[in-house]
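> Quick one, what's the 3D model for this:
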Amino acid sequence: MWILYTLIGLVGFAALLSLAAGYVAYTFALIRKEKRPTLQEPDAKAKIRLDANAAGKEYLLALNPEDVTLQSFDGLELKGYFIPALKPSNKLAVLVHGYTATGPNEFGGFLKFYREDLNYNVLLPDHRCHGRSGGKRIGFAALEWRDILDWTAAFIDRLGSDPQVVLHGISMGGATVMNCNAHNPPDYIKCVVEDCGYTNGYEMLWLAARRDLKLDIPPIMWGTAFWYKLFVGKSLKKDSDPYGNIAKFKVPTLFIHGADDPFVPTEMGVRCHGAATVEKDLLLIPGAAHAMAYFIGTEEYQAKLKEWYARWMPDKVAV
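Numbering: from 1, shown residues only. The predicted model follows:
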C-alpha cells in the first residue's frame, strides 16, 4: 500500500510542479507587462524596420488622426487611430498588429502606401492588453479576432455604399485575421492579408519556449495551457488555431512570409497556404526575417498588394 501512496504523492507533486511552472510561463508570456525582456537584440536589418515604423508614426501623428474608442464584447476599453483617405473612398484597411506591438509601431511604415498610393481609409486598433487599450490578459488571437470584427463593424457606415474592407495582420495579427476569416466574416470584408502568422498558439508558444528559453519540458506547456483556459476561458490549442480552422475560411487570403523567418518559421505560412481552400496566393520574401518582409522587399510587397486588391477590391467603373 505504501508504494501506491508514494506513487500518488509523486504524481501529485509532479502535477503541482507542472501547474506552478506553467503559471510562471503563463504570466511571463500572456499577462500585460509594461516592459518585457529582450530575447534578441535588433540587428542592422531589424533597425530598418524600427526606423521606418518610427518615421511612419511621426507621419501618423502629423495628420492629427482621429482617436477612436471601442468597448469590447467583455467590457474592455479598446483604443485606436482612424485616418481618412485622401479623397472619399469606400475602402478600409484594418491593420492588425502583432504580439507586444501597437498599431503605429507595427504598421507605421505602411501608412503612406495605404493612404497615398491606394487612397484607403486606415484603422489602426491596439489589441486588448497592448498599447493604449485596456486589459490584462493576451488572448493570443483567440479573443482578438472578435475585437477586430467589432472594430470593422463600428466603422463600416463611414464608407458609404458598397463598402470594401481588407484585414491585414502581421505575426499574432496574422493569426488574428486568419481567425476572423474562419468565423464567417461579413460580406463587406473582401479579403485577408496575413503576414508571418502562426499556425497554432500552443505550437507557437512551445516552439518559442524551446528555442528562446531552452525549456523543452512538456509539463510546463501543459500547465501554461491550463492557466490560459482558466483565466481566458479559451483553449490555447483549439481557439488560437488558424491552421485547425482553415477549412472554415470564407474570403480570399494572401499569405506573406519572410523566407528567413527564425521566429515564426516560414514553413508555418507555407503550411497554411497549402491547406487553404479559398482563393489564395503566397509571397515569400528572400532574406526577410520575422515581420521584415515589407521592409526588405518593399517594391515586391507593394506590387503584390496592388495586384491582390485590384482583383478582390476593384474600383467600380461607371457605366
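
> Skip the chain neighbours and tell me the closest residue to Phe295.
Arg49 (4.5 Å; C-beta to C-beta, 6 or more residues apart in numbering). In short, each C-beta sits where N, CA and C put it, glycine included.

> what packs against the one helix or strand the one you found maps to?
According to DSSP states H and E, Arg49 maps onto helix 44-62. In terms of contacts (3 or more C-beta pairs under 8 Å, 6 or more residues apart in numbering; DSSP states H and E), helix 44-62 is packed against helix 103-107, helix 111-112, helix 293-296.

> any chance of those helices in a markdown table, with mean neighbour count, mean pLDDT and distance to Val232 too?
Converted to a markdown table, the helices and strands packed on helix 44-62 look like this (neighbours: other C-beta atoms under 10 Å; pLDDT from 0 to 100; distance: least, C-beta to C-beta, whole Å):
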| stretch | mean neighbour count | mean pLDDT | distance to Val232 |
| --- | --- | --- | --- |
| helix 103-107 | 26 | 95 | 22 |
| helix 111-112 | 20 | 96 | 31 |
| helix 293-296 | 24 | 96 | 30 |
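
> Enumerate the positions of the helix holding Arg49 that are buried.
Under the neighbour-count criterion of 16 or more other C-beta atoms under 10 Å, helix 44-62 has 46, 48-49, 52-53, 56-57, 59-60 buried.

> and what of stretch 272-279?
272-273, 276.

> go on, stretch 286-295?
288-295.

> Report the contact partners of the residue nearest to Phe295.
Contacts of Arg49 were listed using C-beta atoms under 8 Å, 6 or more residues apart in numbering, and they are 109, 291-292, 295.

> Please identify which of the residues you listed is nearest to Cys196.
Nearest to Cys196 out of the contacts of Arg49 is Ala291 (C-beta to C-beta; 5.8 Å).

> quick one: pLDDT of that closest one?
Predicted confidence (pLDDT) for Ala291: 95.

> I'd say it and Glu106 touch.
Yes: Ala291 lies in contact with Glu106 (C-beta atoms under 8 Å); the separation is 7.5 Å.

> So for these two, which residues contact both of them?
The contact sets of Ala291 and Glu106 overlap at 98, 170 (C-beta under 8 Å, 6+ apart).

> all helices for the chain, in order.
Secondary structure of the chain (DSSP state H): helices at 2-30, 44-62, 103-107, 111-112, 144-155, 172-181, 201-212, 218-232, 266-275, 293-296, 298-312.

> Out of these, which is the most enclosed?
Comparing the helices of the chain by mean neighbour count (mean count of other C-beta atoms under 10 Å), helix 172-181 comes out on top with a mean of 30.

> what residues does it touch?
Residues outside helix 172-181 that contact it (C-beta under 8 Å, 6+ apart): 95-99, 101, 106, 127, 140-142, 144-145, 148-149, 167-169, 189, 192-198, 201, 204, 240-242, 245-246, 248-251, 253, 272, 278.

> coming back round to it: now the helices and strands packed on helix 44-62 as TSV including distance to Asp67?
Formatted as TSV, the helices and strands packed on helix 44-62 follow (distance: least, C-beta to C-beta, whole Å):
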stretch	distance to Asp67
helix 103-107	12
helix 111-112	16
helix 293-296	25
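
> Turn the helices of the chain into CSV, columns for distance to Gly80.
What follows is the helices of the chain, written out as CSV (distance: least, C-beta to C-beta, whole Å):
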stretch, distance to Gly80
helix 2-30, 22
helix 44-62, 11
helix 103-107, 6
helix 111-112, 13
helix 144-155, 7
helix 172-181, 13
helix 201-212, 23
helix 218-232, 22
helix 266-275, 26
helix 293-296, 20
helix 298-312, 21
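
> Out of the ones you listed, which gets nearest to Ser161?
Taking those one by one with C-beta to C-beta, helix 144-155 is closest: 14.9 Å.

> Let me see the mean pLDDT of the closest one.
Rounded mean pLDDT across helix 144-155 is 97.

> repeat for stretch 247-259
97.

> and if you look at stretch 186-205?
95.

> Convert the C-alpha atoms of that stretch to PDB, please.
Taking Å, rounded to 0.1, in the frame of the first residue of the first chain, the C-alpha atoms of stretch 186-205 are listed here in PDB:
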ATOM      1  CA  PRO A 186     -19.500  39.800 -43.100                       C
ATOM      2  CA  ASP A 187     -19.700  40.300 -46.800                       C
ATOM      3  CA  TYR A 188     -18.000  43.700 -46.700                       C
ATOM      4  CA  ILE A 189     -14.700  42.100 -45.800                       C
ATOM      5  CA  LYS A 190     -13.500  41.200 -49.200                       C
ATOM      6  CA  CYS A 191     -10.100  39.700 -48.500                       C
ATOM      7  CA  VAL A 192      -7.400  39.000 -45.900                       C
ATOM      8  CA  VAL A 193      -3.700  39.600 -45.900                       C
ATOM      9  CA  GLU A 194      -1.800  37.600 -43.300                       C
ATOM     10  CA  ASP A 195       1.900  38.300 -42.900                       C
ATOM     11  CA  CYS A 196       4.000  35.800 -40.900                       C
ATOM     12  CA  GLY A 197       1.100  34.500 -38.800                       C
ATOM     13  CA  TYR A 198       1.500  31.300 -36.800                       C
ATOM     14  CA  THR A 199      -0.400  28.000 -37.200                       C
ATOM     15  CA  ASN A 200      -1.500  27.500 -33.600                       C
ATOM     16  CA  GLY A 201      -1.000  29.400 -30.400                       C
ATOM     17  CA  TYR A 202       0.100  26.300 -28.400                       C
ATOM     18  CA  GLU A 203       2.500  25.200 -31.100                       C
ATOM     19  CA  MET A 204       3.900  28.700 -31.300                       C
ATOM     20  CA  LEU A 205       4.500  29.200 -27.600                       C
END
